[in-house]
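Visitor: the sequence isn't on hand, but the structure is:
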């Protein structure tokens with residue numbers, strides 16, 4: 001059974017940056033895509049970014065507007081989310097997800113088989 005563990009969340013001020021990490025362990029880890037989603041209080045979970053494991057092709061949510069970058073380190077089974085120029089609107093729990101069986105529609109939650117427990121990001125004004 002694959003386990004995903006996120007880290008790097010915290011409390012920052014508007015304009016600052018954070019880098020989230022998600023490391024996979026256990027089972028046979030061979031993802032097709034990995035992604036970040038987020039859920040703010042009272043809101044549905046939304047897509048942030050995804051990366052295809054084979055060639056590092058990436059997708060981003062429309063709100064990202066060049067401020068976030070997803071990347072990976074295959075040797076460490078780790079995916080990162082670099083978030084720059086954060087705003088209070090970015091406050092949410094950020095979840096990492098891994099797709100090992102679908103290989104398509106990387107923006108959809110239903111395309112992912114494994115999820116992390118989430119890491120809280122809070123941005124103060």
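Guide: Cool, got the structure. Because the structure is a prediction, the values reported are computed rather than measured.

Visitor: contacts and neighbour counts: CA atoms only from here.
Guide: Will do.

Visitor: which of the helices or strands spans the residue nearest the centre of the chain?
Guide: Central residue of the chain (C-alpha atoms, centre = their mean): residue 36, 2.0 Å from the mean position. Secondary structure assignment for residue 36, by DSSP states H and E: strand 33-39.

Visitor: what is the helix or strand just after that strand packed up against?
Guide: Moving toward the C-terminus from strand 33-39, the next helix or strand (DSSP H and E) is strand 46-52. Applying 3 or more C-alpha pairs under 8 Å, 6 or more residues apart in numbering; DSSP states H and E, we find strand 46-52 packed against strand 33-39, strand 58-60, strand 68-73.

Visitor: now tell me what touches the very next helix or strand once past the last one from outside.
Guide: Put plainly, it is strand 68-73. Remark: after strand 68-73, the chain's next helix or strand is strand 78-83, criterion DSSP H and E. Under the criterion C-alpha atoms under 8 Å, 6 or more residues apart in numbering, residues 17-24, 34, 36, 67-73 lie in contact with strand 78-83.

Visitor: how about strand 78-83: buried residues?
Guide: 78, 79, 80, 81, 83 (16 or more other C-alpha atoms under 10 Å).

Visitor: what does stretch 48-58 give?
Guide: For stretch 48-58, by 16+ other C-alpha under 10 Å, it's 48, 49, 50, 51, 52, 53, 56, 58.

Visitor: including pLDDT and distance to residue 112, could those residues go into a markdown table?
Guide: Shown next, in a markdown table, are the buried residues of stretch 48-58 (pLDDT from 0 to 100; distance: C-alpha to C-alpha, whole Å):
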| residue | pLDDT | distance to residue 112 |
| --- | --- | --- |
| 48 | 98 | 14 |
| 49 | 98 | 13 |
| 50 | 98 | 11 |
| 51 | 98 | 12 |
| 52 | 97 | 12 |
| 53 | 96 | 13 |
| 56 | 96 | 17 |
| 58 | 98 | 16 |
